[in-house]
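1. here you go, sequence then predicted model.
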Amino acid sequence: MTTTASTTPTSTTTATVPPLPPLTTEQTRIHISATHRPATKRPPRLQDALDFWQFSGAAANVAMQMARPGVGHGVADSTVESGALMVHPWKRLRTTASYLAVAILGSPEEKKSFREAVNVAHRQVRSAPGAPVKYNAFDRDLQLWVAACLYIGFEDSYQLLHGKMNPEQAEHFYQTSSTLGTTLQVPEDMWPSTRAEFDEFWNEACRRIVVDEKVGAYIDDLLHLRMIAWYFRILFGGLLRFLTAGYLPPYFRQQMGIEWTAADQRRFEHLFVFVGFVNRFIPKFIRFFGTKSMMRDVRRRLRKHKALI
């Protein structure tokens, strides 16, 4: 398996739709095998996927978001150092985890406060005059793309751990997800109303990904953990690259120049069969401790009028 992001442009650095045939779900989603694990007794909700395993695909999700040129260049070109992943990785992790906790568990007032805090940073993220890729952090289409990537990450991690959902379960899970976008600037009517409509939107939106040299280099730094201390890279680098490649859909791997074999896929699926089994014996308060602590931290910061991001 090779997990180095391509540094050769795969297309032009424009946001136009590449001239290729329609993509299929097999190309734009990872493979989830049907399993014999017990089905849930109640319809699953997005908040059921908020345990610590959600972070196993975090790097892949960032890479997927950045594959859209407007997002990728917005991140790579950003001069907002206080929130830069490559400069302050732990702070960025806290901010992202806090956003997800608030978007799914927060009250309307908490969502509003977090939206206002994010808006302060987003006002500084816009392309310079004459830039090859135009972007604006307030672009609702780009925010919808980011929210859709986040949803994909939640659904994939949940199914890898608990087994493939049937259509009714998948629909119920999806119907609890729109706040991933509406907590920012995405209006409710922009979020596809059904799981089937989301699939259509997602397959079409994936046709707009382009990983050029700049974005490819940034993703390569991310995959090789170049933003953290060398000893963490030695300990976790190989596992992160394997998980990241596994969480990427085939079309994304193709655009990023990442090789993935049938043997890699078997190892990835077997790993999560084991993790899913072990997960059944881990107390819920341990699995959800990280998200609950992020939510408590947000509420503490609100009470004390401290910065949220």
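-> Thanks, I have the structure now.

2. so what secondary structure elements neighbour the strand or helix carrying L93?
-> In the assignment (DSSP states H and E), L93 maps to helix 89-105. Secondary-structure packing of helix 89-105 (3 or more Cβ pairs under 8 Å, 6 or more residues apart in numbering; DSSP states H and E): helix 108-122, helix 179-182, helix 289-303. In this view, the C-beta of every residue, glycine as well, is placed from N, C-alpha and C.

3. which one of the ones you listed lies closest to C149?
-> Among the helices and strands packed on helix 89-105, the nearest to C149 by Cβ to Cβ is helix 179-182 (9.3 Å).

4. could I have the helix or strand following the closest one exported to PDB, CA atoms only?
-> For helix 179-182, the following helix or strand on the C-terminal side (DSSP H and E) is helix 195-205. Provided in PDB are the C-alpha atoms of helix 195-205 (Å, rounded to 0.1, in the frame of the first residue of the first chain):
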ATOM      1  CA  ARG A 195     -30.900   9.500   2.000                       C
ATOM      2  CA  ALA A 196     -31.500   8.600  -1.700                       C
ATOM      3  CA  GLU A 197     -31.300  12.300  -2.700                       C
ATOM      4  CA  PHE A 198     -28.100  12.600  -0.700                       C
ATOM      5  CA  ASP A 199     -26.500   9.800  -2.700                       C
ATOM      6  CA  GLU A 200     -27.400  11.600  -5.900                       C
ATOM      7  CA  PHE A 201     -26.000  14.900  -4.600                       C
ATOM      8  CA  TRP A 202     -22.800  13.200  -3.300                       C
ATOM      9  CA  ASN A 203     -22.100  11.300  -6.600                       C
ATOM     10  CA  GLU A 204     -22.500  14.500  -8.600                       C
ATOM     11  CA  ALA A 205     -20.500  16.600  -6.100                       C
END
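
5. go through helix 195-205 and flag the buried ones.
-> For helix 195-205, burial by neighbour count (16 or more other Cβ atoms under 10 Å) applies to R195, F198, D199, F201, W202, N203, A205.

6. most centrally placed residue in the chain?
-> N61 (3.1 Å; Cα atoms, centre = their mean).

7. CA-only coordinates of the helix or strand that that one is a member of, as CSV, when you get a sec.
-> Applying DSSP H and E as the criterion places N61 in helix 58-66. The C-alpha trace of helix 58-66 is given here as CSV (Å, rounded to 0.1, in the frame of the first residue of the first chain):
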residue,chain,number,x,y,z
ALA,A,58,-10.5,12.1,10.7
ALA,A,59,-7.5,12.5,8.5
ALA,A,60,-9.3,10.9,5.6
ASN,A,61,-12.2,13.3,6.1
VAL,A,62,-10.0,16.3,6.0
ALA,A,63,-8.4,15.0,2.8
MET,A,64,-11.8,14.5,1.3
GLN,A,65,-12.9,18.0,2.2
MET,A,66,-9.7,19.5,0.7
